[in-house]
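Asks: Let me see the structure of the following:
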Amino acid sequence: MTGSTILCVSDDERLLADLRMVLADRSGAWDLRFVGSAEAVRALTEEHVDVIVTKLGTPGTSGMSLLEHAHASYPGVARLVLTGTADGAVVIDAVGPARQLSKPCTPDTLPAALELVLDLRRLVESERLRELFGGLDTLAKPPHIYTQLVALSQDPDSTADDVVNLVQQDVGLSAEVLRLVNSAFYGQSSTVHSIQWAVVLLGLDTLKALAVAGVVFKPGRPLPLGLDSEELAARSVRASVIAQRIAHREHWDPDTVSDVALSALLSEVGLLVLASAQPEQWGRLHELCERMPASRAQEEAFGVTVGRASAYLLGLWGFPPGALAATAAQPIDVSDLTAVAAASPAALAVSYAHQKAYGEADLSLFCRSGYLDDHRLERWQAA
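Replies: Have a look, this model is predicted:
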């Protein structure tokens, strides 16, 4: 994205030199600044900045202070973090205000991450909404979910299965657990899309400690009346299972299987943010959906579709591009021939899975897609 301003921030000249070298080929496309932390604060105050890239080290370093300052005062600015050799507590603290990257960054990984973050801005054009999503500390959850999580954390007899069952009752908590396990600190070679596996990898003791300390998994804003998070979570889990089965039936590669499972599970996570921040608009949504397709109704109510809002948030959090693309396409109006024909196979699988999970009856309309013909639809229904 030409003209985007990117601040590469460190008080270590050697790191700045490394970043100059990694980003040398992109100097013509972006306005790249290589500055110390004090100069970065001035730049945020005096001019428009799109992205900050900084490094975490030990507690109390300028990198963490800058992230917290940007998160609180300039939430619309995207924040990428090189974790370096920072200890676990510092990295976990940074999960709130930033997306993380592994260090060292190669000439491919950092430019690609920056391009993805800048491309995300096309999904949510409103600066007000970007600031809403960029300023999040935690997702909205019913108070009893957090209370139960703390109770489980303090119960010596609680098991991993108890935690999994609780996490699966709430989309917000599911998203935060998956975000944490897929962060650079845990260094997974592939994306984790299963709540069960995420709990195993994080470890019961770690999850308990985080819940009691309130570092992550906090309650967040209250949900508006009429938004049942447990019902939303149950549908999302069902959709994720259906989408994963479809992907296996199609013999898609493991990354695509993971992408569609993640997208189906989390494609409505943006609704938690939009509805809790705009309860009056949430109240209008049902009436609007009776008069127009869901995508138009969401645009009318919130200024963005739930799918694009979800993809924007998940992109800021570092989820994989394939999952973001399938999520951003939602909801697909299956009565619109052009929309269905233009959708990718992964997006169709996610949309179909949600239609099934919602109990929608008009699934035959999916056959309007050249990809999803009668024969393939039969396979998907069998899955």
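Asks: shaky segments in the chain?
Replies: Segments of the chain classed as low confidence (criterion: pLDDT under 70) are 1-2, 57-62, 84-98, 102-104, 185-189, 213-216, 360-362, 367-369.
Asks: tell me, what residue is most central in it?
Replies: Centroid-nearest residue in the chain, with Cα atoms, centre = their mean: L314, separated by 1.4 Å.
Asks: That one reaches V273, doesn't it?
Replies: No - under the criterion of Cβ atoms under 8 Å, L314 is not in contact with V273, lying 11.3 Å apart. Placement of C-beta: from N, CA and C, glycine included.
Asks: Show me the strands in this structure, by range?
Replies: Counting by DSSP state E, one finds strands in the chain at the ranges 5-9, 31-35, 51-55, 78-82, 99-101.
Asks: in the helix ranked longest in the chain, what's buried?
Replies: Secondary structure of the chain per DSSP state H: the longest helix is helix 229-249. The neighbour-count check on helix 229-249 (16 or more other Cβ atoms under 10 Å) flags 229, 232-233, 235-247 as buried.
Asks: residues in contact with S37?
Replies: V9, S10, D11, T54, S62, G63, S65, L66 (Cβ atoms under 8 Å, 6 or more residues apart in numbering).
Asks: Selecting buried members of those residues in ChimeraX, what would you type?
Replies: In ChimeraX, this line selects whichever of the contacts of S37 come out buried by 16+ other Cβ under 10 Å:
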select :9,10,11,54,62,63,66
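Asks: and the contacts of S37 as CSV, adding distance to A341?
Replies: Formatted as CSV, those follow (distance: Cβ to Cβ, whole Å):
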residue, distance to A341
V9, 45
S10, 48
D11, 53
T54, 44
S62, 51
G63, 47
S65, 50
L66, 46
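Asks: now, the most widely separated pair of the contacts of S37?
Replies: The distance between the two most remote of the contacts of S37 (Cβ to Cβ) is 12.7 Å, for S10 and S65.
Asks: roughly how far out does stretch 162-178 sit from the chain middle?
Replies: 14 Å (Cα atoms, centre = their mean, to the nearest Å).
Asks: what about it, how long is it end to end?
Replies: End-to-end distance for stretch 162-178: 17 Å, by Cα to Cα, to the nearest Å.
Asks: The stretch 51-200 of the chain: helices as residue ranges?
Replies: 62-73, 88-95, 109-120, 127-134, 143-154, 160-167, 171-181, 195-202 (DSSP state H, counting those that start in this stretch).
Asks: Same question for the third one: list its buried residues.
Replies: Judged by neighbour count using 16+ other Cβ under 10 Å, the buried positions of helix 109-120 are L110, P111, A113, L114, E115, L116, V117, L118, L120.
Asks: Verify the stated contact: the first one with L101.
Replies: Yes - counting by Cβ under 8 Å, L110 does reach L101; the two are 6.7 Å apart.
Asks: what sits in contact with each of those two?
Replies: Residues within reach of L110 and of L101 at once, by Cβ under 8 Å, 6+ apart, are L80.
Asks: related to what we said a few turns ago, would you mind giving the strands of the chain as TSV with distance to I332 added?
Replies: Formatted as TSV, the strands of the chain follow (distance: least, Cβ to Cβ, whole Å):
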stretch	distance to I332
strand 5-9	34
strand 31-35	37
strand 51-55	30
strand 78-82	27
strand 99-101	27
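Asks: and of the ones you listed, who's closest to V177?
Replies: strand 99-101 (15.5 Å).
Asks: Neighbouring strands of the closest one in the sheet, and parallel or not?
Replies: Here strand 99-101 is paired, per DSSP bridges, with strand 78-82 (parallel).
Asks: Not counting its own residues, what contacts the partner strand?
Replies: With Cβ under 8 Å, 6+ apart, strand 78-82 has contacts from 15, 50-56, 63, 67, 70-71, 94, 97-105, 110, 113-114, 117-118, 120, 134, 184, 316.
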